[in-house]
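Visitor: here is my input, please return the structure:
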Amino acid sequence: MADVPKSSLNPHAPEYIPITNPPPPLPTVDPPPQENVGRGRQRRNIHPTYVLLRRHQSLPVMLPTRPISPALPPLLPLPTVDSPPQENVGRGRQRRSIPPKLEGLEKLKETTVMIKNIPFHYNREKLMQFLDDYCLLENQKARDSNEENIHVFAYDFLYLPMNFKMTSSAGYGFVNFTDHRTLSNFFGHFSERAKAYPNSARSVQMVIAKIQGKNALVNRYKNTRFVCESEECLPVRFNPPRNGSRESVQVITVGKFEVIPDIPIDRF
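Guide: Predicted structure coming up:
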């Protein structure tokens, strides 16, 4: 048997180096077309570009170019304000408006009041009777109380505007009391609107008048001419003031009245 040579390779051949082809390029996804957003403005591309990576291949790490700002301090809790206690009004009911208190009215110096919601059939005499009864009742209660610093409930000016065409009252009037405490008591007496005028279902209502005091009221109406048929429609002042005692009081009219004669209509 013949001997096999140890190597059939050329000992003088160059060293073999394996050569491999380069990998194909990575596929990319084209970005969507940009919209026409006007000159000088570029629309930010919100669609990212996707790149396929080979196994065991990773993207390079990007280091920040600016120092990272420290974390913001924790926010402080907002202060809370306790809400005022609520009244027990029941489910399905709304709280009714509370009428204003009358304690502060005694500190004011107003004496003139505008009485509202007066029945239309009232004239000056009926309104005077209504005020006389109020003053008489309050003066009697003041005398029976034996309190100090008792003042007299009285009024010295009255004006009830009239509707001359309808021959009825206009539904409101002006009264000036001689003491601001009388006005405070008058408001308190009728504040609940539960008391009505005599011989009427209308409740008594009132507000503070803009013109205050007897002298200011007299100056306001002394040069006024009222179109009516008698002095019953004129404002009046009283000397001495009326306090409900039925004593003799002088009634002095303020202003003047004039009667417009009826103009006959010619018939053709």
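Visitor: what about the strands in the stretch 101-250 of the chain?
Guide: Assigned by DSSP state E, counting those that start in this stretch, the strands in the stretch 101-250 of the chain fall at 112-116, 155-159, 162-163, 168-169, 172-177, 205-208, 225-227, 236-242, 250-253.
Visitor: minimum distance to residue 132: which of those has it?
Guide: strand 236-242 (6.1 Å; C-beta to C-beta). In short, each C-beta sits where N, CA and C put it, glycine included.
Visitor: buried ones in the closest one?
Guide: Within strand 236-242, the residues that count as buried by 16 or more other C-beta atoms under 10 Å are 236-238, 241-242.
Visitor: and what of stretch 211-222?
Guide: Quick answer for stretch 211-222 (16+ other C-beta under 10 Å): 212-214, 217-218, 221.
Visitor: can you list the residues that contact it?
Guide: 110-112, 156-157, 159, 174, 176, 235, 237, 254-255 (C-beta atoms under 8 Å, 6 or more residues apart in numbering).
Visitor: hey, C-alpha coordinates of it in CSV?
Guide: Provided in CSV are the C-alpha atoms of stretch 211-222 (Å, rounded to 0.1, in the frame of the first residue of the first chain):
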residue,chain,number,x,y,z
ILE,A,211,-87.0,114.8,50.2
GLN,A,212,-86.6,114.9,54.0
GLY,A,213,-88.1,117.3,56.6
LYS,A,214,-91.2,119.5,56.7
ASN,A,215,-89.4,122.6,55.6
ALA,A,216,-87.9,120.9,52.5
LEU,A,217,-91.3,119.5,51.6
VAL,A,218,-93.1,122.8,51.9
ASN,A,219,-90.4,124.5,49.8
ARG,A,220,-90.9,121.8,47.2
TYR,A,221,-94.7,122.3,46.8
LYS,A,222,-95.4,125.9,47.8
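Visitor: begin at 309 from here
Guide: Okay, residue one is now 309; in that scheme the one you just asked about reads as stretch 519-530.
Visitor: what mean pLDDT does that stretch have?
Guide: Averaging pLDDT along stretch 519-530 yields 95.
Visitor: in this structure, which spans are helices?
Guide: 432-453, 488-498, 522-529 (DSSP state H).
Visitor: which of these is buried the deepest?
Guide: helix 488-498 (a mean of 19; mean count of other C-beta atoms under 10 Å).
Visitor: which other helices and strands contact that one?
Guide: strand 420-424, helix 432-453, strand 513-516 (3 or more C-beta pairs under 8 Å, 6 or more residues apart in numbering; DSSP states H and E).
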